[in-house]
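In: Here is my input, please return the structure:
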Amino acid sequence: MKKYQLFGFLVLVCLGCNNSSKNETQSTTRNTEVTQQNPLSEAQQLIKNIQHSHNVDAFKNHEAVQFNIKLQLGQKKQLDAKISMTTNSSKVVLETSKGVSIYYNQGQFHQFPSSANYKSARFDVLTWSYFFAMPFKLDDEGTKWQNLDDKLFQEEVYNSAKLSFEPQIGDAPDDWYVVYANPKTHLLKAAAYIVTFNQSTHEAEKKPHAIVYNNYFSLDKVPFASQWKFYNWSSENGIYGKPIGKASIRNLKFISANHSVFNIPEQTKLIN
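Out: Residues are numbered from 1 along each chain as shown. Modelled structure (predicted):
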C-alpha cells in the first residue's frame with residue numbers, strides 16, 4: 001500500500017472513531033438528562049428497594065400460594081384458617097376451621113355453606129391475604145405514594161412512606177398505610193393502617209393500628225414473615241405500647257392456579 005493510501009485509510013478510521021465517540025457521548029448525555037428530569041422520589045426508591053429484597057419477580061412467577069394463619073386480637077381468637085390465593089390476588093379462598101369457606105373471584109364474593117352467619121366474610125378474605133402479600137403489591141395499579149420522614153420503632157430507625165389509593169381501587173379505596181422498611185435489608189418491617197370497613201374514614205382515623213412483621217424465612221428464595229404482631233399507632237407516636245394482637249403463618253407452599261381449592265361449589269351464597 002502506498003504511503004498516501006495508508007494515511008488516507010488512517011484518517012477515515014480516526015474520523016469514524018471520533019464520530020462513534022461523539023454519538024456515544026450524545027446518547028449518554030441524553031440518558032443523563034432523562035434521568036435528571038425524572039428521578040425516583042424517596043418513596044418510589046423505598047418501594048423499589050422493598051420489592052428487590054422480597055424478590056417480587058420470583059413470587060409472581062408462581063401462580064398461587066397457600067398458607068395457614070392463626071390470628072388473635074386481644075384475648076380473643078379471631079381467625080384459624082387456610083388461605084389460598086393467586087399471586088396476582090385475582091382469586092382468594094378463605095377456609096375457616098369452623099367449616100365455612102369464603103371465595104373471592106374477580107370482584108365477587110361467595111360463601112359456603114350459604115346458611116352460615118359470617119358477618120366479616122368480605123373483610124377477612126381480603127384483609128389478611130393483603131397483609132400477607134403486601135410486599136408484593138406495593139406498585140399495584142392505583143397506588144399512590146407520599147414521602148415521609150424516617151420512623152422510630154423499638155429504638156431502631158426505619159425508612160417510611162405513605163400508601164393510599166386512587167378512587168374506586170379495590171374493596172376499600174379510602175384505606176391508607178404507612179410502611180416501615182429496614183434500611184439495611186430493605187425488608188418490610190411494619191405497616192400502620194386504618195380500616196374503613198363498615199365505618200367512615202373519619203372514624204377509622206381515630207384508631208389506626210400497625211402490623212409488625214417478624215421471623216422471616218425463605219421459600220424458593222422469596223422471604224415471608226412467619227410472625228405478625230399488632231400495635232396501636234399514631235402520627236405523633238408511631239408504633240407504641242404493648243402488642244394488642246398476634247398472628248402466625250404456617251405450612252406455606254406454592255400451588256397451581258388450577259388447584260381444586262379455587263373451584264367454587266354450586267350451592268353458595270353471593271355476598272354483597
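In: in stretch 98-118, what counts as buried?
Out: Burial within stretch 98-118, assessed by neighbour count using 16 or more other CB atoms under 10 Å, is assigned to Val100, Ser101, Ile102, Tyr103, Tyr104, Phe109, His110, Gln111, Phe112, Tyr118. To be clear about C-beta, it is placed using only N, CA and C from the backbone, and glycine gets the same treatment.
In: Which members of these are positioned in helices?
Out: Taking DSSP state H, every one of the buried residues of stretch 98-118 sits outside helices.
In: a markdown table for these, including distance to Phe131?
Out: As requested, the buried residues of stretch 98-118 are exported to a markdown table (distance: CB to CB, whole Å):
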| residue | distance to Phe131 |
| --- | --- |
| Val100 | 20 |
| Ser101 | 20 |
| Ile102 | 16 |
| Tyr103 | 19 |
| Tyr104 | 15 |
| Phe109 | 18 |
| His110 | 22 |
| Gln111 | 21 |
| Phe112 | 24 |
| Tyr118 | 19 |
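In: for this structure, which strand is longest?
Out: For the chain, the strand with the greatest residue count under DSSP state E is strand 238-255.
In: separation between Lys119 and Val100?
Out: Separation of Lys119 from Val100 (CB to CB, to the nearest Å) stands at 11 Å.
In: cool, Leu94 as well?
Out: Between Leu94 and Val100 the computed distance is 8 Å (CB to CB).
In: what do those two both touch?
Out: Residues touching both Leu94 and Val100 by CB atoms under 8 Å, 6 or more residues apart in numbering: Ala121.
In: send the alpha carbons of the helix or strand where Trp128 lies over as PDB?
Out: Trp128 is part of helix 121-133, with elements assigned from DSSP states H and E. Output in PDB follows, covering the C-alpha atoms of helix 121-133 (Å, rounded to 0.1, in the frame of the first residue of the first chain):
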ATOM      1  CA  ALA A 121     -66.600 -12.500  55.400                       C
ATOM      2  CA  ARG A 122     -65.500  -9.800  52.900                       C
ATOM      3  CA  PHE A 123     -63.200  -8.200  55.400                       C
ATOM      4  CA  ASP A 124     -61.400 -11.500  56.400                       C
ATOM      5  CA  VAL A 125     -60.900 -12.900  52.900                       C
ATOM      6  CA  LEU A 126     -59.300  -9.700  51.600                       C
ATOM      7  CA  THR A 127     -57.600  -8.100  54.600                       C
ATOM      8  CA  TRP A 128     -55.400 -11.000  55.900                       C
ATOM      9  CA  SER A 129     -54.500 -12.100  52.400                       C
ATOM     10  CA  TYR A 130     -53.500  -8.400  51.600                       C
ATOM     11  CA  PHE A 131     -51.400  -8.200  54.800                       C
ATOM     12  CA  PHE A 132     -49.600 -11.400  53.800                       C
ATOM     13  CA  ALA A 133     -49.000 -10.200  50.200                       C
END
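In: Can you check what angle separates it from strand 238-255?
Out: Helix 121-133 and strand 238-255 meet at an angle of 90 degrees, taking axes from the mean of the first three to the mean of the last three CA atoms, to 10 degrees as the criterion.
In: ok, and for helix 121-133, which residues are buried?
Out: Quick answer for helix 121-133 (16+ other CB under 10 Å): 121-133.
In: which residues are in contact with that helix?
Out: With CB under 8 Å, 6+ apart as the test, helix 121-133 has contacts from 67, 69, 71, 79, 81, 83, 85, 87, 89, 92-94, 100, 102-104, 109, 111, 118, 137, 170-172, 191, 195, 197-198, 211, 224, 228, 247, 249, 271.
In: how about a cut-off of 6 Å?
Out: 69, 83, 85, 92, 94, 102, 104, 109, 111, 171, 197, 211, 271 (CB atoms under 6 Å, 6 or more residues apart in numbering).
In: Done for today, thanks.
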